[in-house]
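Chemist: Dropping the sequence and predicted coords here.
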Amino acid sequence: MNQITSDQASRQQEARAAAFSMPLDQIDPATPAFFLHDTVGHYFERLRRDDPVHLSHSLLWGDYWSVTKYQDIMAVDTNHAVYSSDWTRGGIVLMDAPAAEQLPMFIAMDPPKHDVQRKAVSPIVAPGNLNSMESLIRERTRKVLDELPCNETFDWVDKVSIELTTLMLATLFDFPLEDRRLLTWWSDVATMNKMVNPDALGPEERMAELHKMLGYFMKLWNERVNAPPKTDLVSMLAHQPATRNMSPQEYMGNLVLLIVGGNDTTRNSMTGGLLALSRHPEQFAKLRANPALIESMVPEIIRWQTPLAYMRRTAVADAELGGKQIKKGDKLAMWYLSGNRDETAIDNPNAFVIDRARPRQHLSFGFGIHRCVGNRLAEMQLKILWEEILPRFPVIEVMGEPTRVMSTFVRGYTKLPVRIPG
């Protein structure tokens with residue numbers, strides 16, 4: 001297992017020095033390079049210390065408030081009456097998209113519409129349904145792991161993280177398995193941004209791809225709306241009174257939400273967990289000695305990774321937050337990634353500790369009415385993965401640095417080279 005190299009440590013030291021010497025009014029945490037090089041944590045640490053509710057002046061996103069401490073984030077996330085996520089007010093990301101690119105989806109709605117649409121799909125992750133899916137998830141996980149090559153370097157992101165999460169998504173939608181990698185592609189398209197990543201599709205190409213997704217899913221809708229109700233997400237949306245009369249645009253928005261929500265948290269935590277253990281070999285040794293620690297390790301992985309770095313809100317009234325005056329119309333970024341490293345809320349937050357006393361005390365799933373609907377499913381997938389890894393692979397060697405997603409919103413990976421000794 002590879003630990004952090006001296007070169008990596010040196011780069012982090014340089015980034016930390018820059019973060020703590022930069023004038024406060026120049027700090028914009030939503031700077032793509034900070035995420036690509038995994039140095040944004042130093043800027044968050046500075047802001048938590050010196051300016052926890054910080055007005056950022058961004059060339060990309062315009063002015064917005066960076067909310068960086070756990071309790072302040074909770075105050076915003078649980079007050080939907082003042083801090084709106086509605087897509088007509090800007091939605092959940094910092095970019096103010098033109099009307100043609102705005103997608104209605106229930107995470108980007110306020111009550112009451114949010115509540116009835118969320119209720120339409122929540123049965124898929126009810127405890128009884130999760131229990132019935134467990135054996136299928138385990139069977140597929142075993143198959144994927146048993147087919148991994150030994151004694152050669154391969155990409156963990158592609159062969160494990162993407163494969164397992166795409167299989168799960170296909171199951172949730174009852175989507176043809178032979179086309180399942182389309183779901184991965186559409187998830188990536190939905191979250192890519194040309195302003196952040198020069199290699200991303202432009203706005204028109206991106207929307208064209210999402211309309212292809214809509215076309216595919218309209219066929220599934222038409223099949224299921226005329227058949228008896230089933231327990232997959234498309235059938236649920238087609239038969240529930242709150243969603244069966246959605247416009248195509250709203251159907252597309254909710255598909256994007258469900259695909260990204262069912263993909264990014266789990267996919268990037270599957271890779272982030274392995275990377276965390278590789279950099280903390282004493283924790284991996286602890287896990288091998290006591291596999292029961294998987295139970296507390298899974299939420300620690302999700303805290304450590306924080307797969308979605310932030311969510312945006314827009315103030316619908318003047319308010320006070322952390323001693324700052326928020327004006328109606330201001331946009332705020334609730335930096336979950338920073339809140340998950342807040343020393344005043346989480347003990348020793350910069351350490352990866354698989355046997356924390358309160359491992360579920362984290363912000364990665366959000367709070368309040370928008371708390372991630374699939375959080376228990378994500379935890380179950382990660383738990384099964386590590387239950388199946390431990391008896392198979394005493395060692396998984398990380399062979400190089402990960403390639404990170406070029407995004408300030410999704411905190412994830414596109415590649416991680418690993419090797420399993422035979």
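Modeler: Ah, there it is.

Chemist: Longest helix of the protein, counting residues only.
Modeler: Among the segments of the chain that qualify as a helix by DSSP state H, the longest is helix 248-279.

Chemist: now the helices for the stretch 251-400 of the chain?
Modeler: 281-289, 294-305, 336-339, 375-392 (DSSP state H, counting those that start in this stretch).

Chemist: mean confidence for the first one?
Modeler: Spelled out, that is helix 281-289. Mean pLDDT, computed over helix 281-289, is 96.

Chemist: for the protein, what are the low-confidence residue spans?
Modeler: In the predicted model, the chain carries pLDDT under 70 at residues 1-5, 98-102, 104-110, 112-113, 115-117, 120-121, 124-125.

Chemist: All the strands of it, in order from the start?
Modeler: Listed in chain order, the strands found in the chain under DSSP state E are 53-58, 62-67, 83-84, 153-155, 310-315, 319-321, 324-326, 331-335, 397-398, 403-404, 413-415, 417-419.

Chemist: For Lys143, which residues are in contact?
Modeler: The contact partners of Lys143, by CB atoms under 8 Å, 6 or more residues apart in numbering, come to none. Where you see a C-beta, it was placed from the backbone N, CA and C, and this is true even at glycine.

Chemist: Distance check, it against Ile294.
Modeler: 20 Å (CB to CB, to the nearest Å).

Chemist: Check Trp221 too.
Modeler: Taking CB to CB, one finds Trp221 at 38 Å from Ile294.

Chemist: repeat for Ser66
Modeler: 34 Å.

Chemist: swap in Met334?
Modeler: 29 Å.

Chemist: now, of the helices of the stretch 251-400 of the chain, which is deepest in the fold?
Modeler: Highest mean neighbour count of the helices of the stretch 251-400 of the chain: helix 336-339, a mean of 27 (counted as mean count of other CB atoms under 10 Å).

Chemist: what's the span of stretch 214-234 from first residue to last?
Modeler: Between the start and the finish of stretch 214-234 there is a gap of 12 Å, counting by CA to CA, to the nearest Å.

Chemist: Residues contacting that stretch, please?
Modeler: 121, 123-124, 129, 171-175, 179, 182, 235-239, 244, 248, 251-252, 255, 258.

Chemist: redo that, cut-off 10 Å
Modeler: Applying CB atoms under 10 Å, 6 or more residues apart in numbering, the contact partners of stretch 214-234 are 120-121, 123-124, 126, 128-129, 132-133, 169-176, 179, 182-183, 186, 235-240, 244, 246, 248-249, 251-256, 258-259, 262.

Chemist: what does stretch 284-293 give?
Modeler: With contact meaning CB under 10 Å, 6+ apart, stretch 284-293 is reached by 1, 274, 276-278, 280, 283, 294, 297, 300, 353-355, 359, 386-387, 389-391, 394-396.

Chemist: Need the CA coordinates for it. PDB is fine.
Modeler: Extracted in PDB, the C-alpha atoms of stretch 284-293 (Å, rounded to 0.1, in the frame of the first residue of the first chain):
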ATOM      1  CA  PHE A 284      -6.000  -1.000   6.900                       C
ATOM      2  CA  ALA A 285      -4.100  -3.200   9.400                       C
ATOM      3  CA  LYS A 286      -6.800  -2.400  12.000                       C
ATOM      4  CA  LEU A 287      -9.500  -3.400   9.600                       C
ATOM      5  CA  ARG A 288      -7.900  -6.700   8.600                       C
ATOM      6  CA  ALA A 289      -7.500  -7.500  12.300                       C
ATOM      7  CA  ASN A 290     -11.200  -6.700  13.000                       C
ATOM      8  CA  PRO A 291     -13.500  -6.800   9.900                       C
ATOM      9  CA  ALA A 292     -16.400  -5.800  12.100                       C
ATOM     10  CA  LEU A 293     -15.000  -2.300  11.800                       C
END
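
Chemist: how far does that stretch sit from the chain's center?
Modeler: Between the centre of stretch 284-293 and the centre of its chain there are 26 Å (CA atoms, centre = their mean, to the nearest Å).

Chemist: what comes up buried for stretch 145-155?
Modeler: Neighbour counts using 16 or more other CB atoms under 10 Å place Leu145, Leu148, Phe154, Asp155 of stretch 145-155 among the buried residues.

Chemist: sorry, that was for stretch 25-37
Modeler: Neighbour counts over stretch 25-37 (16+ other CB under 10 Å) mark Ile27, Asp28, Pro29, Ala30, Thr31, Pro32, Phe34, Phe35, Leu36 as buried.

Chemist: what do you get for stretch 314-327?
Modeler: Thr314, Ala315, Val316, Ala319, Leu321, Gly322, Lys324, Ile326.

Chemist: Now stretch 73-85: buried residues?
Modeler: Under 16+ other CB under 10 Å, the buried positions of stretch 73-85 are Ile73, Met74, Ala75, Val76, Asp77, His80, Val82, Tyr83, Ser84, Ser85.

Chemist: ok, so of these, who is nearest Arg16?
Modeler: Ile73 (22.7 Å; CB to CB).

Chemist: who's in contact with that closest one?
Modeler: By CB under 10 Å, 6+ apart, the contact set of Ile73 is 52, 67, 310-311, 332-336, 338-340, 342, 345, 363, 366-367.

Chemist: do the same with Thr403
Modeler: Leu36, Asp155, Val157, Tyr413, Thr414, Lys415, Leu416, Pro417.

Chemist: again, 7 Å this time
Modeler: By CB atoms under 7 Å, 6 or more residues apart in numbering, Thr403 lies in contact with Tyr413, Thr414, Lys415.

Chemist: Make CSV from the residues you listed and add distance to Leu287 and neighbour count to it.
Modeler: Shown next, in CSV, are those (distance: CB to CB, whole Å; neighbours: other CB atoms under 10 Å):
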residue, distance to Leu287, neighbour count
Tyr413, 21, 22
Thr414, 26, 15
Lys415, 24, 14
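
Chemist: Make sure Gly90 is actually in contact with Lys331.
Modeler: Yes. Between Gly90 and Lys331 there is a contact at 5.9 Å, judged by CB atoms under 7 Å.

Chemist: Can I get stretch 328-339 in CSV, CA atoms only?
Modeler: Coordinates of each C-alpha in stretch 328-339 appear next as CSV, following Å, rounded to 0.1, in the frame of the first residue of the first chain:
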residue,chain,number,x,y,z
LYS,A,328,-32.2,38.6,-0.6
GLY,A,329,-31.0,37.2,-3.9
ASP,A,330,-27.5,36.3,-2.6
LYS,A,331,-26.2,32.9,-3.4
LEU,A,332,-24.4,30.7,-0.9
ALA,A,333,-22.3,27.5,-1.2
MET,A,334,-22.7,25.1,1.7
TRP,A,335,-19.2,23.6,1.5
TYR,A,336,-19.9,20.1,2.9
LEU,A,337,-16.2,19.2,2.2
SER,A,338,-15.2,22.0,4.7
GLY,A,339,-17.8,21.2,7.3
